[in-house]
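>>> quick one, what's the 3D model for this:
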Amino acid sequence: MAEPVVLLPGMMCDARLFAPQVADLSRDRAVTVAPITQGERIEEIASGLLDALPQRFALAGLSMGGIVAMEVLRRAPDRVARLALIDTNPLAETPQSAAHYEPMIIGAKAGRLDEVITRMIRPDFLAPGPGRVEVLALVRQMAADLGPAVFVRQVRALQRRRDNQAVLRRCKVPVLVLCGAHDGLTPVKRHRFMAELIPHATLRILDTAGHLPTLEAPAETCLALRDWLALPDGAR
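I've put the predicted structure just below:
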């Protein structure tokens with residue numbers, strides 16, 4: 001039987017981020033959307049996931065979910081059959097970027113989470129077009145449902161995250177590096193850099209998407225994931 005797929009959503013997102021992919025991929029394999037809401041360190045989040053996940057699985061993470069996925073790979077490379085990194089970042093926060101989060105934490109704790117999320121996920125992070133309004137509304141709703149305590153934990157985890165370049169260089173499984181061409185948060189050049197680090201990486205750039213291709217270009221994202229899942233172990 002094909003290995004199960006584990007999907008890790010981005011910051012302040014839940015399974016709704018992957019709704020089109022769950023519907024598509026679950027036709028012929030087990031699919032799990034695992035939360036990344038517990039723990040104030042990426043290491044803690046990854047450790048908790050590994051306690052609950054299958055023995056071996058295909059792992060895909062978007063944005064912060066990709067950062068957690070890289071930590072899962074670092075901790076348990078023998079359990080990750082293949083890896084997909086979607087609109088994410090392998091680098092650690094700089095002191096300046098980590099400090100940039102502090103006013104957001106204050107705002108979330110003061111009851112202004114919606115305002116904070118609106119400023120964090122700007123329209124220009126996504127592809128232009130009428131669908132952008134609907135995607136942004138869903139992001140705000142997911143964040144509201146998760147609440148300010150989750151926001152604070154996830155920000156703290158991001159502030160303290162490690163650099164994952166060495167992890168990617170050691171990766172021996174097939175990797176999909178997927179990016180929306182209009183991503184204004186983690187741009188295409190960052191994904192080209194990631195793909196060059198990884199021995200068995202395939203880079204896919206979706207022209208009609210930005211930072212959230214699972215929602216912006218769901219059919220194209222599903223196709224890219226299916227192509228990735230069809231790759232034999234150790235093959236490009």
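>>> may I have the secondary structure class of Ile45?
helix (DSSP: H, G, I helix; E, B strand; the rest coil).
>>> what sits against it?
36, 38-39, 68, 71, 157 (C-beta atoms under 8 Å, 6 or more residues apart in numbering). C-betas here are computed from N, CA, C, even on glycine.
>>> hmm, 10 Å instead?
8, 34-39, 64-65, 67-68, 71-72, 153-154, 157 (C-beta atoms under 10 Å, 6 or more residues apart in numbering).
>>> could you report the pLDDT at the nearest residue in space to it that is not next to it in sequence?
Once flanking residues are discounted, Ile45 sits nearest to Gly39: 4.2 Å by C-beta to C-beta, 6 or more residues apart in numbering. pLDDT, Gly39: 92.
>>> same check on Arg236?
Model confidence at Arg236 (pLDDT) stands at 42.
>>> next: Glu93.
Reported pLDDT for Glu93: 90.
>>> got it, and the one 5 residues further on?
The predicted structure scores Ala98 at 86 on the pLDDT scale.
>>> ok but it is inside a helix, no?
Yes: under three-state DSSP, Ala98 falls within a helix.
>>> so it makes contact with Gln159?
Yes: the pair Ala98 / Gln159 is scored as a contact, 4.2 Å apart, by C-beta atoms under 10 Å.
>>> what is in contact with those two at once?
Ala92.
>>> one step back: what's the most distant pair in the contacts of Ile45?
Spanning the widest gap among the contacts of Ile45 are Val72 and Arg153, at 17.7 Å by C-beta to C-beta.
>>> neighbour-wise, which of these two wins?
Relative neighbour count places Val72 above the other of Val72 and Arg153, with 26 against 19, counting by other C-beta atoms under 10 Å.
>>> helix or strand for the more buried one, just tell me which one.
Element membership for Val72, per DSSP states H and E: helix 64-75.
>>> buried residues in the helix or strand harbouring Gln21, which are they?
Secondary structure assignment for Gln21, by DSSP H and E: helix 19-25. By 16 or more other C-beta atoms under 10 Å, the buried positions in helix 19-25 come out as 20-22, 24-25.
>>> what are the contacting residues of it?
2, 4-5, 7, 15-16, 18, 31-33, 58, 60, 62, 138, 214-215, 217-219, 221-226, 229.
>>> one more: stretch 112-122?
10-13, 63, 101, 103-110, 135-136, 139-144, 146-152, 155, 184-185, 211-212.
>>> just the buried subset of those residues, please.
10-13, 63, 101, 104-105, 107-108, 135-136, 139-140, 142-143, 146, 148, 150-152, 155, 185, 211-212.
>>> quick one: average confidence on the helix or strand where Ala137 lies?
Using DSSP H and E, Ala137 falls within helix 131-146. The average pLDDT within helix 131-146 is 97.
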